[in-house]
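**Q** No sequence on hand, only this structure:
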């Protein structure tokens, strides 16, 4: 279970216990039973959302791993001020996906930048430009990669533990986005993309691209 969800789980549990107790002591009237059942469903969803499964990460310096679970919704060429000639791979994370985010390559953090902005739907065409997001630049001897946690209509809380000059290992956990989101990964154009549009990906397991 992700530690970032402890407070949400505690709140959902407290509400469920209170409503269930009231329902019990009032003889199980529908007036209280229905809200207690709804709160129980909310508790189960919260527990499910903050799951944090262990994964066997295969470290490969030529691979760029997916930083999250989701579905590929865009692959496009871009000119990036950090990576240079690049491709941007975008994935949509639904509320049902695992939301733990993982580092795509090993290396040193070049920068961490939090950008305040809008809360458009994560699948909106311009969400990468206008939505609130946390952007990280990461580099090693082979490449530079930039990746972003992007808020959506439901996702209003971005958690990122990375700091400039941190040394990180491919596949390690670094944060999450609460309740639905989008992630962008900007990679060198020289890297061979190994995923396709609409393909499901898993954080730390799916290889998005590789350097030759």
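**A** Yep, that arrived. This one's a predicted model, so the numbers in the text were calculated from it and none came from an experiment. Residues are numbered from 1 along each chain as shown.

**Q** check contacts around residue 116.
**A** Neighbouring residues of residue 116 by CB atoms under 8 Å, 6 or more residues apart in numbering: residue 132. C-beta here means a position set from N, CA and C on the backbone, and glycine is covered the same way.

**Q** and it, how far is that from residue 135?
**A** 12 Å (CB to CB, to the nearest Å).

**Q** Quick check: pLDDT value at the residue of the chain most remote from its centre.
**A** Outermost residue of the chain with respect to the C-alpha centroid, by CA atoms, centre = their mean, is residue 27; its distance is 43.2 Å. For residue 27, the model assigns a pLDDT of 72.

**Q** How is it assigned, secondary-structure-wise?
**A** Put simply, residue 27 is coil when judged by DSSP: H, G, I helix; E, B strand; the rest coil.

**Q** got it, and residue 128?
**A** Applying three-state DSSP: residue 128 is helix.

**Q** Need the pLDDT of residue 141.
**A** 94.

**Q** what's the answer for residue 30, then?
**A** 71.

**Q** Which other helices and strands does the lowest-mean-pLDDT helix or strand in the chain contact?
**A** Ranked by mean pLDDT, DSSP states H and E, the weakest helix or strand in the chain is helix 127-130, scoring a mean of 72. Packing partners of helix 127-130 (3 or more CB pairs under 8 Å, 6 or more residues apart in numbering; DSSP states H and E): strand 144-150, strand 181-188.

**Q** Pairing partners for the helix or strand that comes right after that helix, with directions?
**A** Sequence order places strand 133-139 as the next helix or strand after helix 127-130, per DSSP states H and E. Applying DSSP bridges, strand 133-139 is found paired with strand 107-115 (antiparallel), strand 144-150 (antiparallel).

**Q** could I get the ones you listed as a markdown table with mean neighbour count, mean pLDDT and distance to residue 38?
**A** Formatted as a markdown table, the strands paired with strand 133-139 follow (neighbours: other CB atoms under 10 Å; pLDDT from 0 to 100; distance: least, CB to CB, whole Å):
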| stretch | mean neighbour count | mean pLDDT | distance to residue 38 |
| --- | --- | --- | --- |
| strand 107-115 | 15 | 94 | 34 |
| strand 144-150 | 25 | 94 | 30 |
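
**Q** Can you check which of the ones you listed gets nearest to residue 211?
**A** strand 144-150 (10.3 Å; CB to CB).

**Q** Name the next helix or strand downstream of the closest one, please.
**A** Taking DSSP H and E, what comes next after strand 144-150 is strand 157-160.

**Q** how close does the residue farthest from the centre of the chain get to residue 21?
**A** 13 Å.

**Q** Which parts of the protein are helices?
**A** Applying DSSP state H to the chain gives helices spanning 6-25, 30-49, 127-130.

**Q** Can you list the low-confidence ranges for the protein?
**A** Scanning the chain for pLDDT under 70 picks out 1-2, 4-5, 28, 119-127, 153-156, 179-180.

**Q** same thing but at 90, please
**A** For the chain, residues meeting the criterion pLDDT under 90 lie at 1-13, 15-54, 93-99, 115-133, 150-159, 176-182, 212.
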